[in-house]
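Engineer: using only what follows, build the 3D model:
(one chain, ligands or ions: 2)
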Amino acid sequence: MSGSSNVGLRTDHGVVEDPERLAEFEARIAAGELIEQDDWMPEAYRTGMLRMAEHHANSEIVGALPEGEWITRAPSLKRKLALTAKVQDEVGHGQMLYRVSEDLGKTRDQMLRDLATGRTKYHNVFNYPAPTWGDIAMIQWLIDGAAIMNQKTLADGSFGPYVRTMHRINMEEAFHFRSGEDMVLTLMSGTTGQKRMAQDAFDRWWAPALMFFGPEDKPDAENLPAMKWRMKTVKNAELRQRFVDRFAPAALDLGLVAHLGDERDAFDRARALAGIDRARLVRYVRPGSRDRDLYSDGRARAETASGGGGVEINLLRVDGLDAALLPGARFLYLWSVPSSGG
Ligand SMILES: [Fe+2]
Ligand SMILES: [Fe+2]
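Structural biologist: Ligands and ions are numbered 1, 2, ... in the order given. Predicted coordinates for the structure are as follows:
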């Protein structure tokens, strides 16, 4: 399903590289050349690329696990066939990426052992549960959609074997995304129960989809090895904004979101709904939560200044995301109060 370029790159290995070879390497990168596995490369580049490809491979395999569990429960033969093909694709992506990683010097045996023992990681997004068919649809729409967005930029990278693998993987991801779009559209054109299932899943997956693009960029990201050596080509914040610009209007069109706006818009709307002039915004943070977001429990409540009454509105969870991550962002969404009509 999905790879990410946001795995941390540890590049300080205390290895002193030959300055002439390093200069030659960097000149090749600057000229847009591809680095091949037998070419000279700094140790930090080799270990960084290995870490990235291995993390990506792990994510493809682990990401396919919850989807595989849904094959027998798919609602129609058509969906069953499509999901079977998708799971097969994802495992295939994992295989191709383990090949790339092997060529960077780590055995497959060791990689699988490290994955099983937790020494290496996979993308965090695959730790979220997928309790309904709606989740499977949302994963294929939002997470495969996010993966394509990210992997398109990784295909502009500098390591030849990884770049070629990205081109191949992205063609298949495009099918996953199309199929996901069709699944979401079908649910949203269906019964009240189907719409509610899709809505619940959307509410669960929007924040993980945003977090898919990784943490806040370091201030000097362009000059750090990951970008300087074109292992990744676009900053996390920029990718996240592209995702929002593409998917927020789509969610609005589908009726999964009632309004697009920022915190101020949401608050003003809540006040208007309550028919009050003065209000304060109460921010809830789940006790003990490590999240630094304002909406950890998924809700913001506008209350009258006197403390009575008030109206509750739903805001999409934006875990860990605030103005610091996306200045001037349009990523906070307000949707209407859930009604019995779904
Ligand atoms: Fe995929
Ligand atoms: Fe994939």
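
Engineer: quick check: closest non-adjacent residue to the closest residue to ligand 2 within the chain.
Structural biologist: Going by CB to the ion, ligand 2 is nearest to H93 of the chain, at 3.8 Å. Every residue, glycine included, has its C-beta placed from N, CA and C. Leaving aside its sequence neighbours, H93 sits nearest to E60 (CB to CB, 6 or more residues apart in numbering; 4.2 Å).

Engineer: so how far is ligand 1 from that neighbour?
Structural biologist: 8 Å (CB to the ion, to the nearest Å).

Engineer: surely that residue is in contact with S101?
Structural biologist: No: E60 is beyond contact range of S101, at 11.6 Å (criterion: CB atoms under 8 Å).

Engineer: re earlier: helix, strand or coil for the residue of the chain closest to ligand 2?
Structural biologist: The assignment at H93 comes out as helix when based on DSSP: H, G, I helix; E, B strand; the rest coil.

Engineer: so how far is V87 from it?
Structural biologist: 11 Å (CB to CB, to the nearest Å).

Engineer: ditto for L65
Structural biologist: For L65, the distance to V87 - CB to CB - is 9 Å.

Engineer: picking that back up, wait, the residue of the chain closest to ligand 2 touches E172, no?
Structural biologist: Yes: judged on CB under 8 Å, H93 makes contact with E172 at a distance of 7.3 Å.

Engineer: which one of those two has more residues nearby?
Structural biologist: H93 (28 against 19; other CB atoms under 10 Å).

Engineer: what pLDDT does the more buried one get?
Structural biologist: Here the pLDDT value assigned to H93 is 97.

Engineer: OK, contacts around it?
Structural biologist: M1, A57, E60, I169, E172 (CB atoms under 8 Å, 6 or more residues apart in numbering).

Engineer: once you drop chain neighbours, what's closest to the residue in the stretch 201-342 of the chain positioned nearest to ligand 1?
Structural biologist: Closest contact between the stretch 201-342 of the chain and ligand 1, by CB to the ion, is at F212 (12.5 Å). Leaving aside its sequence neighbours, F212 sits nearest to A146 (CB to CB, 6+ apart; 4.5 Å).

Engineer: is ligand 2 contacted by the host helix or strand of E173?
Structural biologist: Using DSSP states H and E, E173 falls within helix 160-188. No: using CB under 5 Å from the ion, helix 160-188 never reaches ligand 2; the gap is at least 5.7 Å.

Engineer: buried stuff in the helix or strand just after that helix?
Structural biologist: Downstream of helix 160-188, the next assigned helix or strand under DSSP H and E is helix 192-211. For helix 192-211, burial by neighbour count (16 or more other CB atoms under 10 Å) applies to 194-195, 197-211.

Engineer: can you pull out the low-pLDDT segments for this protein?
Structural biologist: 1-14, 261-267, 270-271, 273-274, 279-342 (pLDDT under 70).

Engineer: how does it divide into domains?
Structural biologist: As given by automatic domain parsing, the domain ranges for the chain are 19-254, 259-335.

Engineer: list the buried ones in stretch 48-67?
Structural biologist: Counting neighbours by 16+ other CB under 10 Å, the buried set in stretch 48-67 is 48-64, 66-67.

Engineer: among those, which are in helices?
Structural biologist: 48-64, 66-67 (DSSP state H).

Engineer: filter those residues down to the ones near ligand 2?
Structural biologist: Counting by CB under 5 Å from the ion, E60 from those sit close to ligand 2.

Engineer: one step back: highest mean neighbour count out of the domains of the chain?
Structural biologist: Among the domains of the chain, ranked by average contacts under mean count of other CB atoms under 10 Å, first place goes to domain 19-254 (a mean of 18).

Engineer: tell me the secondary structure at the residue lying closest to V234 once chain neighbours are set aside.
Structural biologist: Of all residues not flanking V234 in the chain, T153 sits nearest, at 4.4 Å (CB to CB, 6+ apart). Following three-state DSSP, the label given to T153 is helix.

Engineer: quick check: T153 touching M231?
Structural biologist: No: at 11.1 Å, T153 does not count as touching M231 under the criterion of CB under 8 Å.

Engineer: and W133, what does it touch?
Structural biologist: Contacts of W133 by CB under 8 Å, 6+ apart are W70, R73, A74, P75, L187, M197.

Engineer: quick one: the strands in this structure?
Structural biologist: 259-260, 279-282, 299-304, 311-315, 333-335 (DSSP state E).

Engineer: name the helices or strands packed onto the first one?
Structural biologist: Based on contacts counted as 3 or more CB pairs under 8 Å, 6 or more residues apart in numbering; DSSP states H and E, the elements that strand 259-260 packs against are helix 236-254, helix 263-274, strand 333-335.

Engineer: can you do 7 Å?
Structural biologist: On a contact count with 3 or more CB pairs under 7 Å, 6 or more residues apart in numbering; DSSP states H and E, strand 259-260 meets strand 333-335.

Engineer: which parts of the stretch 201-342 of the chain sit against ligand 1?
Structural biologist: Residues of the stretch 201-342 of the chain lying near ligand 1 (CB under 5 Å from the ion): none found.
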